[in-house]
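In: Build me a model from this:
(4 chains)
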There are 2 protein chains.
Amino acid sequence: MNRAQPKQFREQIRILERKLGLLKKNNGSCCAEVLTLAQCHALVEIGRVETISLKDLSVILAIDMSTTSRTVDGLVKKGYVQRIPSLEDRRSVNISLTESGIIIFETIESNNNAFFAGIFTNIPNDEKMNVLHALDVILAAFDQDN
Amino acid sequence: MNRAQPKQFREQIRILERKLGLLKKNNGSCCAEVLTLAQCHALVEIGRVETISLKDLSVILAIDMSTTSRTVDGLVKKGYVQRIPSLEDRRSVNISLTESGIIIFETIESNNNAFFAGIFTNIPNDEKMNVLHALDVILAAFDQDN
DNA sequence: AAACAATAGTTGTTACTTGCAATTAAAATG
DNA sequence: CATTTTAATTGCAAGTAACAACTATTGTTT
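Out: Residues are numbered from 1 along each chain as shown, chains lettered A, B, ... in the order given. From the prediction side, this is the model:
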């Protein structure tokens, strides 16, 4: 057993985390002119599922419902999201993107895809498959830990 | 060229990012009873370099000097960090851990190492080297993008 | 069916994090 | 020696977030 490997692993993840944190701020792919970061995250998740309850959205975003509610408030005020009361359960609201919300969503998705495509081209061709596989292994390792 | 690969890559990073975000909150390795998250990050960086200026710390943490100054304030109030005016440059302060700060630092480091060692054991033995290599490749790809 | 418990959502309050601008003091530069 | 740059701090404003309390439904239990 190599005792250094887990530490190396920790260090790599740590550095990656910091790089990702920087990106979130600096690469303009979150439409910072019109959205805050939290709003960007919420909007992307709503756009992906098309319609979702506040509860489910809070689970996906891993933030409290109160925070989620206020984040959605902001998106509604800006006209990117609508709240439609559910007919099946009158406690619940169906949250979805408006037309202008969809435009923003698609902008963010394409910016983001372009950004990661750029990073990905920096990976040597004979490593690409390997990297994708390794990431799957890493994600599985995290999942396994519950 | 596989058009799906960059998107897969983006998605994997996205999921990893979210998992890491959750961890930061939920695995207790940041001494949440006594430290806020920002304080934990700062304390770890200070502990690693032993002594550092506020300026350099703000560069490492990638946050504004004003924010860094206030984060250090909190650590000083709690008795984990000391500010010692530099003798070479009287504008500058040398920031370092106190004895109780070192104890917290070592606790965090060992908690964190244990946590990542746990994740790492979930990776099949014949994949371990591969994963470490792939992470290096990924980090290099991010660096290359400036 | 009435009483009780659980769930979805909102609002009040509080705390933490952060950045920008202005200020002070001390180098560094010309 | 005057000017500019740098290190650090403080005032201010905004964003992010959780917890507690509350309303309105829905589900469950007796």
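
In: any idea which helix or strand carries A:Ala140?
Out: Taking DSSP states H and E as the criterion, A:Ala140 maps to helix A:125-144.

In: tell me what that helix is packed against?
Out: helix B:4-26, helix B:99-121, helix B:125-144 (3 or more Cβ pairs under 8 Å, 6 or more residues apart in numbering or on different chains; DSSP states H and E). Where you see a C-beta, it was placed from the backbone N, CA and C, and this is true even at glycine.

In: Residue ranges in chain A under the pLDDT threshold?
Out: Counting by pLDDT under 70, chain A has low-confidence residues at A:1, A:146.

In: Show me the residue at the heart of it, geometrically.
Out: By Cα atoms, centre = their mean, the mean C-alpha position of chain A lies nearest to A:His41, the distance being 5.2 Å.

In: my read: it touches A:Ala62, true?
Out: No. A:His41 lies out of contact with A:Ala62 (Cβ atoms under 8 Å); the separation is 10.0 Å.

In: Please list the residues of chain A that sit near DNA strand C.
Out: A:25, A:53-56, A:65-66, A:69-70, A:72-73, A:83, A:86, A:89, A:91-93 (Cβ under 7 Å from any atom of the strand).

In: now do 10 Å
Out: Taking Cβ under 10 Å from any atom of the strand as the measure of proximity, chain A contacts DNA strand C at A:21-22, A:25, A:52-59, A:64-73, A:76, A:83, A:85-86, A:89-95.

In: what subset of these is also close to DNA strand D?
Out: A:58, A:64-71, A:85-86, A:89-92.

In: Only whichever of those are buried, select them in ChimeraX.
Out: The ChimeraX selection below is limited to those of these classed as buried (16 or more other Cβ atoms under 10 Å in any protein chain shown):
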select /A:58,68,71
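
In: Strands - which of the ones next to DNA strand D among the residues of chain A next to DNA strand C land there?
Out: In strands, judged by DSSP state E, the following of those are found: A:Pro85.
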